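*Asks:* compute the structure for the input listed below.
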Amino acid sequence: MINTNIHQKFENEEGKKLFMNEIDNSLSFISESFYEITKIDDIEAKVTKQKLDQLAAKTLVDFCKINQFFNFNKNSQKELREVYSKSLKKFKSNGITYDIQAVQHNDSVAQWMIKNDLMSELLCFSKNRVIEFVPNSEYSAEIQINILDINIYNLIEPVLDIGCGKQMNLLMYLKEYYIKGFGIDRFAGNSSFCKAVDWLDYDYGFEKWGTVISNMSFTNHFKHQHFKVNSSYQEYARKFLAILDSLKVGGSFHYSPDLPFFEDYLDETKYSITKKEIGVNNYKSVKITKL
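*Replies:* Below is the predicted model of the structure:
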């Protein structure tokens, strides 16, 4: 299927030019995939919204495997689904070869990236226009607890894990200790204790959480936006304050890395801040307690 081939394209093009003018096998859909598309008799009836969502979602995951700082708002996700919808219709109605149609589709995706200012974020081009990868990984519960200096026996419930990851390692660990926890992650599955949502879109509530945890996720992206031109810095700043508002009195926000450019301006009469060195590059973890 289309999303499978995009996944294959990124895996096969590590270190290569991403979007090329000439037709290249790495940018073409394989015959089997195009054949499956041509089997669709009525695109409007059989390519449902659910299928388009799946196609677009898989592509977003593949992008984020290359660069974790890719940020997709609701509008950009909607536009990507529209790109897929138009591509599928062209595949059915046009009489040109699937190689050419595949290149046209990739051009449409490239234009979508440029329109949403995503090209500069995803691709840090050198003189040779090659991809530089920004890795991402899910940390074990034990590593997160150590980095964030968390004592699970003193945690105030409920616990919110921002950027919990698809594996929900920390939530699963806390569950073993009968600690009530909930997680949010843009690529996690929805369940009774996890919601698939962007942390910028989530409603954190007011004095709702006893503990909020975010290891190398929310504040890592906040820090990235702080040093980026034309960034979402203000949106991250507002959400950070919303997270603090969501804490119960006596509750804490545990996170890494630290944000000295922001933390220094917090009201000392409302919040207590402690930091811990966590290794090289002057990285620190932070605990902010609501007084």
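*Asks:* any stretches of the stretch 101-250 of the chain with poor pLDDT?
*Replies:* Under the criterion pLDDT under 70, the flagged ranges of the stretch 101-250 of the chain are 103, 114, 116-137, 228-230.
*Asks:* how about the strands in it?
*Replies:* Listed in chain order, the strands of the stretch 101-250 of the chain (DSSP state E, counting those that start in this stretch) span 159-162, 181-185, 194-196, 209-215, 247-256.
*Asks:* can you pull the buried residues of the third one?
*Replies:* Going back to what we said before, that points to strand 194-196. Neighbour-count burial for strand 194-196, counted by 16 or more other CB atoms under 10 Å, picks out 194-195. Glycine gets a C-beta too; all of them are placed from N, C-alpha and C.
*Asks:* before we move on, the earlier item: switch the strands of the stretch 101-250 of the chain over to a markdown table; also include distance to residue 151.
*Replies:* Listed next are those as a markdown table, based on distance: least, CB to CB, whole Å:
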| stretch | distance to residue 151 |
| --- | --- |
| strand 159-162 | 13 |
| strand 181-185 | 15 |
| strand 194-196 | 24 |
| strand 209-215 | 11 |
| strand 247-256 | 10 |
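*Asks:* and those strands: which comes nearest residue 59?
*Replies:* When the strands of the stretch 101-250 of the chain are compared by CB to CB, strand 194-196 sits nearest residue 59, at 15.7 Å.
*Asks:* which elements pack onto the closest one?
*Replies:* strand 181-185 (3 or more CB pairs under 8 Å, 6 or more residues apart in numbering; DSSP states H and E).
*Asks:* strand partners (parallel or antiparallel) of the strand it packs on?
*Replies:* Here strand 181-185 has these sheet partners by DSSP bridges: strand 159-162 (parallel), strand 194-196 (parallel).
*Asks:* make a markdown table from those and add distance to residue 55 to it.
*Replies:* Formatted as a markdown table, the strands paired with strand 181-185 follow (distance: least, CB to CB, whole Å):
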| stretch | distance to residue 55 |
| --- | --- |
| strand 159-162 | 27 |
| strand 194-196 | 16 |
